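Chemist: build me a structure from this.
(chains A and B)
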Number of protein chains: 2
Amino acid sequence: MTVIKRGTARTESGKADDRLGPYKAERISDTGDLSQFGAFIETLPPGSASSFNHWHEAVDEMILVLSGTVTLVEDGIETVLEPGDAATWAAGVPIGHNLRNDSDSDARYLVIGTRAPSDRVTYPTRNRVLIFDRTTDDRRYETLDGRPSTKPG
Amino acid sequence: MTVIKRGTARTESGKADDRLGPYKAERISDTGDLSQFGAFIETLPPGSASSFNHWHEAVDEMILVLSGTVTLVEDGIETVLEPGDAATWAAGVPIGHNLRNDSDSDARYLVIGTRAPSDRVTYPTRNRVLIFDRTTDDRRYETLDGRPSTKPG
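Modeler: Okay, here's the model as predicted:
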């Protein structure tokens, strides 16, 4: 059965990091046994951020806002996104981005990203690059100038 | 700029085939210069179908209903999908599927599919398999039992 009725996808919630605040993710593509891309509906409460500012070397990303409003931050430029608005980030384009909920109600948006076998994720504001291999689950960090780091930053 | 405000994506419309009826597609991922997956919002008017019943050998597919209702047909089993409902089809799973609007108002849903370098698309009810190569744009048809065909069926 491939149908996932609203509210029945496997869900994760919590805080990825105290600095980001809480979130909820309805993992639609995982629930539906897809492997080539990830697609989840994120609910971001007021005050939370989706992630630290980052860009992917190997992964195309996209969001589509479903309800509420969310602030897109791209290298310091802020754009308020409303329901029906989308944003895309092509693999390898070095524009750091993240989302922040500056409103007083929840924002919900669909996030899509390919499942590249390996990737380098650059966090410009944290002086870190995450290098990971999906096949081995190996993860390591470097600073922006290429020195190994044991901490995510 | 990666932001695509509602209603500003490149749009195509028409009829893919007289038997399917008209459609409109807002090509979000193409407008945003993504290449690893396609993502578009399809508006399907009453009486139209999204495609002929089919399944992909190499492509993960997913839809998320945004507004209206649409009937999912999977090997003869019909399921009405409402806003917030999703459906997924993993590459290589031989379950023919398509969508039909049996309601009296437009249905809108996001469609996502990976851009595999090559694919075989099986149309069980048309006795055809489309074999195509995205790198060369080569397309040819076979019948279900492997005989070459010059017609799509």
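
Chemist: so residue A:55 bridges to which residues?
Modeler: Counting by DSSP bridges, residue A:55 forms beta bridges with residue A:122.

Chemist: which residues touch it?
Modeler: Shown in contact with residue A:55 (CB atoms under 8 Å, 6 or more residues apart in numbering or on different chains): A:89, A:93, A:94, A:95, A:96, A:97, A:121, A:122, A:124. Placement of C-beta: from N, CA and C, glycine included.

Chemist: let me see the contact set for the second one.
Modeler: Residues in contact with residue A:93 (CB under 8 Å, 6+ apart) are residue A:55.

Chemist: look up how far residue A:59 lies from it.
Modeler: Applying CB to CB, to the nearest Å, the value for residue A:93 to residue A:59 is 11 Å.

Chemist: likewise for the first one?
Modeler: The spacing between residue A:89 and residue A:59, counted by CB to CB, is 8 Å.

Chemist: residue A:12: what's it in contact with?
Modeler: Taking CB under 8 Å, 6+ apart as the test, what residue A:12 contacts is A:24, A:25, A:27.

Chemist: who wins on neighbours among the residues you listed?
Modeler: residue A:25 (21 neighbours; other CB atoms under 10 Å in any protein chain shown).

Chemist: low-confidence bits of chain A, can you list those?
Modeler: Applying pLDDT under 70 to chain A flags the ranges A:1, A:153.

Chemist: repeat that for 90
Modeler: A:1-2, A:15-18, A:75-76, A:150-153 (pLDDT under 90).

Chemist: quick one, phi/psi of the residue nearest to residue A:31 when sequence neighbours are not counted?
Modeler: Spatially, and ignoring its direct neighbours in sequence, residue A:31 is nearest to residue A:9 (4.4 Å; CB to CB, 6 or more residues apart in numbering or on different chains). The phi and psi values for residue A:9, taken as degrees, to the nearest 10, are phi -70, psi 150.

Chemist: next, count neighbours for residue A:9.
Modeler: Residues near residue A:9, counting by other CB under 10 Å: 19.

Chemist: thought it was touching residue A:24?
Modeler: No: using CB atoms under 8 Å, residue A:9 is not in contact with residue A:24, being 10.7 Å away.
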